[in-house]
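Trainee: sharing a model prediction with you, sequence too.
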Amino acid sequence: MVGNEQTVKRAGCVGWCALFALLLTGWAAPVVAAPPPPTPQALALIETLGLQASPVAARDVPGWKVPTQIAVAYADAARLAQLQAAVPEVRLRALDRGAPLAAQLADVQAVVGVCSAEVLAAAKQLHWIQLLSVGAERCVVVPGLAERGIVLSNMQRTSAVPIAEHAIAMMMALARGLPHYGRAQQVRVWRGDADEGQPMREVTGRTLLVVGLGGIGTEVARRAHGLGMRVIATRNSSRDGPDFVAQVGLPDELLTLAAQADVVVNATPLTPETTDLFDRTFFAALKPGAYFINVGRGRSVVTDALVAALRSGRVAGAGLDVTEPEPLPKSHALWLQPNVIITPHVAASSDVQGERYWIVVAENLRRYVAGEPLLNVVDIARGY
């Protein structure tokens, strides 16, 4: 009886001790708040624009840890509060670009909106940079970026809609002779389409070549197809394309495809392979009388070759949102070409575009803090 009583007591002690130890362990364990879910706006943007998440979760990238401080450029107090709601447990700091960076970035693990050698030197703990632009060419060449294993993400696809609309607007303006009639309006002269040999074209049934079938190029192709055009394209990765693109070629097929095109739209990122891509050889291979639209990068075009093609009539007109150099000097020959439309690198601008950027920023902040795969991660080696 005594033995049984001792056994019961020992069993009770074991149970109570285990419970007591469990309570102590639970009391001491840190409480980690679950990350907030994606907002409906973020989910809609990911779906409609086809934003791509990295195949690697942020937590699995060497050097990642839950950040304590993140610096954000170009955000006022209201915008910073909006972003803070996505990561309530992390301190977001508004970056004052007019003040020394060393003190502002000493303790941050991530930066939104800036990328430079100065930023990398000041932010010793830096692990992630979120750009507020599509182009990453200036950032990927910053010394130490790749060597330090810094993750880089950008705004690819988020500006595809306004840039595509801009490209189509330039094409239509050239086809309908709007630069000619705009000049006539300024001097109050009524001119018919026969005056000065002004051609008036239809785009329906014509062929449009998209060079660079990425996010922007796909939206250009979608709109051109909707206008009744035959769309062909090149892309770097494969021959795959959406149903509204009749043919997708690889980069080495550019000249063959150019010979078919009534309109060419450059939508490529700037890389060593696309620098000076549109040169005298390209314009010589282009279908005579085609239009050339550039919403990619100015340095993709050999400007002198374009001017020569415009003057000879080989290129019937050009729409340029980007040029080389930028800003274009007042004395530059492109200003004097009557068949050229020039806009000052504004194709991505719209009344709603800025909001798209900040939705992506907020979602990527949420993902980074939670250790989830980031959207729009840049391949630093490729440059986009």
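Mentor: Arrived safely, thanks for sending. Predicted, not measured: the structure shown is a model, and the values here were computed from it. Numbers count the residues shown, from 1 in each chain.
Trainee: settle this for me: residue 323 is touching residue 298, isn't it.
Mentor: Yes. Residue 323 is in contact with residue 298 according to C-beta atoms under 8 Å; the separation is 4.4 Å. Backbone N, C-alpha and C define where each C-beta goes, glycine included.
Trainee: specify which residue of the two has the higher count of neighbours.
Mentor: Looking at residue 323 and residue 298 with other C-beta atoms under 10 Å, you find the greater number of neighbours at residue 323, namely 22 against 18.
Trainee: that one in helix, strand or coil?
Mentor: When classified by DSSP: H, G, I helix; E, B strand; the rest coil, residue 323 comes out as coil.
Trainee: so how far is residue 341 from it?
Mentor: Relative to residue 341, residue 323 is positioned 12 Å away (C-beta to C-beta, to the nearest Å).
Trainee: for residue 59, same thing?
Mentor: 48 Å.
Trainee: then residue 240?
Mentor: Using C-beta to C-beta, one gets 32 Å for the distance from residue 240 to residue 341.
Trainee: which one of those two has more residues nearby?
Mentor: Per other C-beta under 10 Å, whichever of residue 240 and residue 341 has more neighbours is residue 341, with 19 against 9.
Trainee: can I take it that that one is in a strand?
Mentor: Yes. Counting by three-state DSSP, residue 341 is found in a strand.
Trainee: secondary structure element holding residue 362?
Mentor: Following DSSP states H and E, one finds residue 362 within helix 353-370.
Trainee: now do the buried residues in that helix.
Mentor: The neighbour-count check on helix 353-370 (16 or more other C-beta atoms under 10 Å) flags 356-370 as buried.
Trainee: before we move on, what about stretch 57-72?
Mentor: Applying a neighbour-count criterion of 16+ other C-beta under 10 Å, one finds 58, 61, 64, 67, 69-72 buried in stretch 57-72.
Trainee: which one of those residues is nearest residue 157?
Mentor: Among the buried residues of stretch 57-72, residue 58 lies closest to residue 157 (C-beta to C-beta), at 19.6 Å.
Trainee: go ahead and confirm the closest one touches residue 371.
Mentor: Yes. Using C-beta under 8 Å, residue 58 makes contact with residue 371 at a distance of 5.0 Å.
Trainee: returning to that earlier point: tell me the mean pLDDT for the helix holding residue 362?
Mentor: On average, the pLDDT along helix 353-370 is 96.
Trainee: residues in contact with it: which ones?
Mentor: 35-36, 38-39, 41-42, 45-46, 51, 58, 66-67, 70, 72, 79, 82-83, 85-87, 89-90, 92, 110, 112, 128, 130, 132, 153, 155, 158-159, 161-162, 372-376 (C-beta atoms under 8 Å, 6 or more residues apart in numbering).
Trainee: mind checking which of these land in helices?
Mentor: Counting by DSSP state H, the part of these found in helices is 41-42, 45-46, 79, 82-83, 161-162.
Trainee: may I see the PyMOL selection of the buried members of those?
Mentor: PyMOL command restricting those to the buried ones, with burial defined by 16+ other C-beta under 10 Å:
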select buried, resi 42+45+46+79+83+161+162
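Trainee: closest one of the ones in helices among the contacts of helix 353-370 to residue 280?
Mentor: Ranked by distance to residue 280 (C-beta to C-beta), these are led by residue 162 at 31.6 Å.
Trainee: find the nearest non-adjacent residue to that closest one, please.
Mentor: Closest residue to residue 162 apart from its sequence neighbours, by C-beta to C-beta, 6 or more residues apart in numbering: residue 350 at 4.0 Å.
Trainee: distance check, the one you found against residue 158.
Mentor: Taking C-beta to C-beta, one finds residue 350 at 11 Å from residue 158.
Trainee: higher neighbour count, the two?
Mentor: residue 158 (24 against 16).
Trainee: against residue 372, how distant is the residue nearest to the more buried one when sequence neighbours are not counted?
Mentor: Excluding the flanking residues, the one nearest residue 158 by C-beta to C-beta, 6+ apart is residue 356, at 4.6 Å. Distance, residue 356 to residue 372, by C-beta to C-beta: 20 Å.
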